[in-house]
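Peer 1: just to be clear, the model below is a prediction. Sequence and coordinates:
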Amino acid sequence: MLARVFLTGFEEFGDYAENPTRKLALKLDGEIIAGQLVSSLVFSPKIFDSDMIISGETVVKMAKSTGAAAIISLGL
């Protein structure tokens with residue numbers, strides 16, 4: 001069984017027409033890099049709205065559900 005890495009990125013927001021973290025996360029999802037299987041998740045920037053806050057604890061739980069040994073969170 002391969003080790004896993006959980007990679008997060010974000011959708012477009014504000015004045016940005018695209019977000020490179022989204023592109024990278026989607027491109028690498030399912031890829032094997034240095035013996036690590038990448039599992040990616042792209043968040044909506046709305047997670048920062050007061051009624052939709054996703055805590056670091058939630059991200060850790062999501063990563064653990066994939067069996068990830070590490071989390072890489074990307075942002076602008």
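Peer 2: Thanks, I have it. Remember, predicted model here, so these are calculated numbers, not experimental data.
Peer 1: okay, the lowest-mean-pLDDT helix or strand in the chain in PDB with CA atoms only?
Peer 2: When each helix and strand of the chain is scored by mean pLDDT, DSSP states H and E, helix 56-65 comes last, with a mean of 84. What follows is helix 56-65, C-alpha atoms only, in PDB (Å, rounded to 0.1, in the frame of the first residue of the first chain):
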ATOM      1  CA  GLY A  56      -7.700  22.900  10.900                       C
ATOM      2  CA  GLU A  57      -9.100  20.000  12.900                       C
ATOM      3  CA  THR A  58     -11.600  19.300  10.200                       C
ATOM      4  CA  VAL A  59      -8.900  19.200   7.500                       C
ATOM      5  CA  VAL A  60      -6.800  16.800   9.700                       C
ATOM      6  CA  LYS A  61      -9.900  14.500  10.000                       C
ATOM      7  CA  MET A  62     -10.400  14.600   6.300                       C
ATOM      8  CA  ALA A  63      -6.800  13.800   5.600                       C
ATOM      9  CA  LYS A  64      -6.900  10.900   8.100                       C
ATOM     10  CA  SER A  65      -9.900   9.500   6.300                       C
END
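Peer 1: residue nearest the centroid of this structure?
Peer 2: T8 (1.2 Å; Cα atoms, centre = their mean).
Peer 1: next, count neighbours for the closest residue to that one other than its chain neighbours.
Peer 2: By the measure of Cβ to Cβ, 6 or more residues apart in numbering, the closest residue to T8 outside its immediate chain neighbours is S73, 4.6 Å from it. Just so you know, the C-beta spots here come from the backbone N, C-alpha and C atoms, and that holds for glycine as well. When neighbours are counted by other Cβ atoms under 10 Å, S73 registers 16.
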